[in-house]
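Chemist: Below: sequence and its predicted model.
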Amino acid sequence: MPIGERAWHWVTRYLDDVRPSLETRSCSTLFLSVTGGPLAPDVLSRMVSAYVRAGAPDKNGSCHLFRHSTATLMLDAGADVRHVAEMLGHQKLETTMGYTRVSMGKLQEVHSRTHPAEKARGPRSTRQ
């Protein structure tokens, strides 16, 4: 799994500064709970949700929402759907296609740029 430079900085800080104090037994899991074992499946989502609510009480947040948003933004920026599917661990492209949403702005931009009738007209402003 690729990891960006900024994320790698924080992972290495965790591994150097935090994890050694948590290891109470041999564990192959990267992120550990305060008891030294693997995190329960919903712990990170509950933490993310609490942080989002603390910053914006009228908003919801979860790891799944961040995953979904990241995949959508990557696709909007031109990432190949096969690469995004691989990063998400999806076996079928259909799963990735259903998992992501395409923004209306991106659809309008692609339509204006690639549709034969639009290309014949030349550049013009997109409708809102």
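Modeler: The structure has been received and is ready for your questions.
Chemist: pLDDT of the helix or strand that contains L73, averaged?
Modeler: Assessed by DSSP states H and E, L73 sits inside helix 63-76. Helix 63-76 shows a mean pLDDT of 86.
Chemist: quick one: contacts for the nearest residue to V34 once chain neighbours are set aside?
Modeler: Spatial nearest neighbour of V34, excluding adjacent residues (CB to CB, 6 or more residues apart in numbering): L22 at 6.7 Å. C-beta: built from backbone N, CA, C; applies to glycine. Shown in contact with L22 (CB atoms under 8 Å, 6 or more residues apart in numbering): L32, S33, V34, G36.
Chemist: Outline the domain layout of this protein.
Modeler: 1-39, 44-128 (automatic domain parsing).
Chemist: Determine which stretch of those is the most buried.
Modeler: domain 44-128 (a mean of 12; mean count of other CB atoms under 10 Å).
Chemist: From the chain's centroid, how far away is it?
Modeler: With CA atoms, centre = their mean, to the nearest Å as the basis, domain 44-128 stands 10 Å off its chain's centre.
Chemist: Please apply the same query to stretch 13-21.
Modeler: Worked out by CA atoms, centre = their mean, stretch 13-21 lies 24 Å from the chain centre.
Chemist: residue contacts, the residue nearest to F66 when sequence neighbours are not counted?
Modeler: With CB to CB, 6+ apart as the criterion, F66 has its nearest non-adjacent residue at 6.9 Å, and that residue is V48. The contact partners of V48, by CB under 8 Å, 6+ apart, come to G61, S62, C63, F66.
Chemist: hang on, the earlier thing: weakest of the domains of the chain in terms of mean pLDDT?
Modeler: Among the domains of the chain, domain 44-128 carries the lowest mean pLDDT (a mean of 82).
Chemist: R82: which element?
Modeler: helix 81-88.
Chemist: Let's see stretch 49-58 as CSV, backbone CA atoms only.
Modeler: Included here for stretch 49-58 are C-alpha records, laid out as CSV according to Å, rounded to 0.1, in the frame of the first residue of the first chain:
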residue,chain,number,x,y,z
SER,A,49,-16.7,10.7,14.6
ALA,A,50,-16.1,12.3,18.0
TYR,A,51,-13.4,14.6,16.6
VAL,A,52,-15.6,15.7,13.7
ARG,A,53,-18.5,16.4,16.0
ALA,A,54,-16.3,18.4,18.4
GLY,A,55,-15.1,20.6,15.5
ALA,A,56,-18.4,20.8,13.6
PRO,A,57,-21.4,19.6,15.8
ASP,A,58,-23.8,19.5,12.8
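Chemist: Fine by me, we can end here.
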